[in-house]
Structure formats: structure tokens, C-alpha cells
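# how would this look folded up:
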Amino acid sequence: MSDKPKAAEQRGGIIMMLLFWVLLMALGTWWLRGGLEALQNPNAHIVEATESQMPLTLKRDRAGHFKAPGAINGVPVTFLLDTGATYVAVPAGLADQIGLERGRRVWFNTANGRVEGALTGLDEVSLGGIRMRDVQGSISPNMPNDTVLLGMSFLGHLAIEIRQGTMLLSLPDSFPEE
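Residues are numbered from 1 along each chain as shown. Predicted coordinates for the structure are as follows:
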């Protein structure tokens, strides 16, 4: 009789080990297929968005921000949507890569204090299927090079609605009337 409980324990241990390996392989597959990227960048899909996909729907990332891929003058960038920013604020290093010309020197009040930058013109700014020409921008010397603040010089031309962790962006004439 003592052999039966021992055999049952061994089968239970083998089953638990198999479950562990199946779960580990499933997690690894999820990770390799972009599961982690989807959590950190839930808006990566909008690169393929077209104008017919209006309104454009964005989700908050894990940090609570609305980030999304886009382009300035055809160069891919990551935007952080910032309704508190007056202009599309481009880091100085990225501005050099894109070939933006520095215009009039100005001072900006930022979350990190007062900083000096320059105004610039952006030939084209695109976010998903939304494209705008001749957008006012700024060049900020102390910003990290990997993120552009998408400010009101772009967002101010759109209807913006934020609800339950999602942001809907649409052209004002396509915004549903109430």
C-alpha cells in the first residue's frame, strides 16, 4: 500500500513540472511576439493607420502617458502627446538629424524650469492617418533624443476626447455632434 501513495505523488510532481514548462513556454512565446512591447507601447499599431480610420484611438501606456509613433518630415519619431506644450517640441539632437533650421531664440517654461530654445518650422507632422503641413515647432536643447512632445501647434487643430484611459483624436469636422 505504501507504493500507491508514492506513485501518486510522483505523477502529481510530473504533472506539476509539465504545467510549469508549458506555462514557461507560453510566457516565452508571448514575450517574443511583442507582449512586453504591447504593454509599454500600446499604440504601436497606429503606424499603419489611414485617414479612413477616424477617430484615432490611443491607449495610455503603463506610465499613464499617451505615446505613439509618428513622423516629422518623413522621419519616424515617438510622440508624447502633451496638451500643456505650446509647440511640437523636438530634442536638439533629433532636430539636427532631421535637418531642422533653428529660428528665433525663445524662452520656454517647462516642468523642469525655464529653458532657452529656438522656434522652427516643420514641413509635415503625421500621427497615424492624421497629417498636417507647416506646423510650428520648437527645438529644445535639454530633452532626451528619443521622444518628441506633440503639443498644441498640432493637437489644437483636432477634436480631443479622453475617457477611461483612451484618447480619441479626430478632425473637428468628423467629430460626432451631440
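
# By residue count, what's the longest strand in the protein?
If you go by DSSP state E, the chain has its longest strand at strand 113-127.

# Buried residues, the helix or strand just after that strand. List them.
For strand 113-127, the succeeding helix or strand toward the C-terminus, using DSSP states H and E, is strand 130-140. By neighbour count on 16 or more other CB atoms under 10 Å, the buried set for strand 130-140 is 130, 132, 135-140. Glycine gets a C-beta too; all of them are placed from N, C-alpha and C.

# What of stretch 75-86?
For stretch 75-86, the neighbour count (16+ other CB under 10 Å) marks 77, 79-82, 85-86 as buried.

# Let me see the contact set for Gln97.
Val75 (CB atoms under 8 Å, 6 or more residues apart in numbering).

# Any idea how far the helix or strand containing it is from the middle of the chain?
According to DSSP H and E, Gln97 maps onto helix 92-98. In terms of CA atoms, centre = their mean, to the nearest Å, the centre of helix 92-98 is set 19 Å apart from its chain centre.

# likewise stretch 135-151?
For stretch 135-151, the distance to the chain centre is 14 Å (CA atoms, centre = their mean).

# For it, give the mean pLDDT please.
In this model, stretch 135-151 carries a mean pLDDT of 87.

# quick check: mean pLDDT across stretch 155-175?
Stretch 155-175 shows a mean pLDDT of 82.

# my bad, stretch 102-119
Rounded mean pLDDT across stretch 102-119 is 86.

# ok, now stretch 5-12?
In the prediction, stretch 5-12 has an average pLDDT of 74.

# Ignoring the adjacent residues along the chain, who's closest to Asn95?
Just to correct that, residue 95 is Ala rather than Asn. Ile139 (4.5 Å; CB to CB, 6 or more residues apart in numbering).

# Good, we can wrap up now.
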